[in-house]
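Asks: Next input, structure requested:
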Amino acid sequence: MNSEMAYLLGLICGNGEVIRQADDTIFSIEIPHRKIVTETKQDVKIFVKASISDMRNILEPLIGTSISFVQNKGVTYIRFTKKNEDYLVREIVQFIGKAANHRNMRVSSKVFNFTTDEKVMFLRGFSDVTGYIRRSNYFYQKHKHRVYLEIPHNWNLVVDICNLLKSIDVPVQSIDWAHPNMRDPKRKKYDEGKPDFWKKEHQIKIWANEFSKIGFEVIHKMEALELFVEELNKGFTLGGKSSETVTHRFYWECRNIPKLKPNHPGEYDNFLPKEIRGKHYNGWKEIAHDLGYHE
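Replies: As a prediction, the model looks like this:
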């Protein structure tokens, strides 16, 4: 293993698609950029395009072929093709198994045996294609910035990533699960005739200063992270606290006072994994514990 391979695996696991053909395997990785401008009012497309150059420097010596990229308003795709018998393809398959895209991928148990630096690179690749850092992601007070990792409909992958973060001592601040008790906590949308409103992506939320241990390769995300870490630390200092005393805590180290929520018919929906189907939850921590992210 090396850091370049770890980064590539993170990209594929986060938002990749693997297309297996008779002779070749095509790898396609999606980098969404939902916003048109960066936090400093620059064109996001230009920053992503510049970031592709840095990614090429990391990946092309490893892959041994050129990477193509296609960019439109909301997304950039990077792609490369290799022969099925190529050593790199066989190596990647060892980590992703038969998974074809991010909806059914898991973090291989082998990744948990990586060195800390390799785990960081895996998570950086993963975050480059699933991570968002926006001023609007603050927690109650505007200096309390967070990074969101958005994972669509893959419950196991959420738990894998949280446990990988734990293995390098990065706590998760909270998780917005795609669960009716979390996304429709007062069953308001259900009563309005929108029973599936809660079936959104999962969001892992991490304090910006804690996430700085991982960082981004995508330039405008990294610039926003550096800006928001500075604001976060300054805000806590002005409040007479060290940021780490607040942010460097795992959920099982914090007080747990969940707000009671009404039962929701969606608690029995087949969309939910069997481990939590039919159960009622008053807080995200209870779901995290039942699915395998705990002390």
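
Asks: Let's verify residue 80: helix, strand, or coil?
Replies: strand (DSSP: H, G, I helix; E, B strand; the rest coil).

Asks: Against residue 73, how distant is the residue lying closest to it once chain neighbours are set aside?
Replies: The shortest distance from residue 80 to any non-neighbouring residue, by C-beta to C-beta, 6 or more residues apart in numbering, is to residue 67 (5.0 Å). To be clear about C-beta, it is placed using only N, CA and C from the backbone, and glycine gets the same treatment. Applying C-beta to C-beta, to the nearest Å, the value for residue 67 to residue 73 is 21 Å.

Asks: Please identify which of those two sits among more neighbours.
Replies: Shown here are residue 67 and residue 73; by other C-beta atoms under 10 Å, residue 67 has more neighbours (15 against 9).

Asks: quick one: contacts for the residue nearest to residue 80?
Replies: Residues in contact with residue 67 (C-beta atoms under 8 Å, 6 or more residues apart in numbering) are 52, 55, 56, 59, 60, 78, 79, 80.

Asks: try 10 Å this time
Replies: Residues in contact with residue 67 (C-beta atoms under 10 Å, 6 or more residues apart in numbering) are 27, 29, 52, 55, 56, 59, 60, 78, 79, 80.

Asks: Residue 15 now?
Replies: Applying C-beta under 10 Å, 6+ apart to residue 15 gives the contacts 28-32, 75, 77, 101-102, 105, 125-126, 128-130, 150-152.

Asks: and what of residue 235?
Replies: 138, 141, 142, 143, 144, 145, 241, 243.

Asks: Try it again at 6 Å.
Replies: Neighbouring residues of residue 235 by C-beta atoms under 6 Å, 6 or more residues apart in numbering: residue 143.

Asks: That one: which element?
Replies: For residue 235, the host element (DSSP states H and E) is helix 219-238.

Asks: For that helix, buried residues please.
Replies: Buried residues in helix 219-238, defined by neighbour count with 16 or more other C-beta atoms under 10 Å: 219-225, 227-229, 231-233, 235-236.

Asks: Do a quick rundown of the helices in the stretch 151-295 of the chain.
Replies: Taking DSSP state H, counting those that start in this stretch as the criterion, the stretch 151-295 of the chain carries its helices at 155-167, 180-183, 188-191, 208-211, 219-238, 243-247, 284-291.

Asks: In TSV: those, plus distance to residue 260 and mean pLDDT.
Replies: Listed next are the helices of the stretch 151-295 of the chain as TSV, based on distance: least, C-beta to C-beta, whole Å; pLDDT from 0 to 100:
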stretch	distance to residue 260	mean pLDDT
helix 155-167	24	97
helix 180-183	10	96
helix 188-191	16	95
helix 208-211	29	97
helix 219-238	31	92
helix 243-247	26	91
helix 284-291	12	96
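
Asks: In a markdown table, list those helices along with distance to residue 84.
Replies: A markdown table is the format used below for the helices of the stretch 151-295 of the chain (distance: least, C-beta to C-beta, whole Å):
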| stretch | distance to residue 84 |
| --- | --- |
| helix 155-167 | 25 |
| helix 180-183 | 41 |
| helix 188-191 | 46 |
| helix 208-211 | 37 |
| helix 219-238 | 34 |
| helix 243-247 | 45 |
| helix 284-291 | 35 |
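
Asks: closest to residue 262 out of those helices?
Replies: Judged by C-beta to C-beta, the one of those that comes nearest to residue 262 is helix 180-183, at 8.8 Å.

Asks: Alpha carbons of that closest one, as CSV, please.
Replies: Output of helix 180-183 as CSV, limited to C-alpha atoms (Å, rounded to 0.1, in the frame of the first residue of the first chain):
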residue,chain,number,x,y,z
PRO,A,180,-38.0,9.0,9.9
ASN,A,181,-37.3,9.9,13.5
MET,A,182,-34.4,12.1,12.5
ARG,A,183,-35.5,13.7,9.2
